[in-house]
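Engineer: Please find the sequence and the predicted model below.
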Amino acid sequence: MIGAEALNPLVQEILRHTLDGRPAMAASLLDVVTEHGDSADLLGVCCAAADTGRVALQELFPDAGTGPGEEWRLPAAMADRLAGDPHRLFAVRFLTAYLNGDHGTALALFQAAETAGPQDRTESICALLAHVRCLTLRAEQGPATPDPGGLPT
């Protein structure tokens, strides 16, 4: 385990490089976390990315997911479209679970990516980072019209 004092700056740098369009730099720092950290540290990277995604989605859809009983859903069409890309599917499923406060499902998704092997885990985390970057770029354009109950596609 790297520890919060050393991990937090690394995670912030990973997110900064991601949002600034430098995925190779983000992946390089993710390798540092993988090499010197453990599963909890990598899950921390995913959760920090999901928090960044939450901010972007709140800017895109200011009124979505905030009312009693409301939650974010992954539209079936999107899940079908991503079925052939397990890394991107992980990204949207992890983010959706995290946004809904379903940390058990988010953890299970992370563990499944981890069980698939180090390469698949890294590609899944990179897909999550890329998805968060896309959401952030869209949020910079202002609020969007939501697909009722779903994530933007």
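Structural biologist: The structure has been received and is ready for your questions. Residues are numbered from 1 along each chain as shown.
Engineer: buried sites along stretch 81-93?
Structural biologist: Residues of stretch 81-93 classed as buried: Leu82, Pro86, His87, Arg88, Leu89, Phe90, Ala91, Val92, Arg93 (neighbour count, 16 or more other CB atoms under 10 Å). The way it works is simple: take the backbone N, C-alpha and C, and place the C-beta from them, glycine included.
Engineer: What is the nearest of those residues to Arg138?
Structural biologist: Lowest distance from Arg138 to the buried residues of stretch 81-93 (CB to CB) belongs to Val92, with 14.0 Å.
Engineer: Which secondary structure element is home to that closest one?
Structural biologist: Element membership for Val92 (DSSP states H and E) is helix 86-99.
Engineer: Who are the packing partners of that helix?
Structural biologist: Counting contacts by 3 or more CB pairs under 8 Å, 6 or more residues apart in numbering; DSSP states H and E, helix 86-99 packs against helix 39-60, helix 76-82, helix 103-115, helix 118-139.
Engineer: which of those helices has the lowest average pLDDT?
Structural biologist: Lowest mean pLDDT of these: helix 76-82, a mean of 71.
Engineer: And the average pLDDT for the helix holding Val92 is what?
Structural biologist: 94.
Engineer: For that helix, what is the distance to the chain centroid?
Structural biologist: In terms of CA atoms, centre = their mean, to the nearest Å, the centre of helix 86-99 is set 6 Å apart from its chain centre.
Engineer: same thing with stretch 82-94?
Structural biologist: Centroid separation for stretch 82-94 versus its chain: 11 Å, with CA atoms, centre = their mean.
Engineer: got it, and stretch 121-133?
Structural biologist: Worked out by CA atoms, centre = their mean, stretch 121-133 lies 6 Å from the chain centre.
Engineer: quick revisit: dump the helices and strands packed on helix 86-99 into a markdown table; add distance to Arg16 as well.
Structural biologist: Below are the helices and strands packed on helix 86-99 laid out as a markdown table (distance: least, CB to CB, whole Å):
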| stretch | distance to Arg16 |
| --- | --- |
| helix 39-60 | 10 |
| helix 76-82 | 27 |
| helix 103-115 | 22 |
| helix 118-139 | 11 |
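Engineer: Which among those helices is found nearest to Gly3?
Structural biologist: When those are compared by CB to CB, helix 39-60 sits nearest Gly3, at 8.6 Å.
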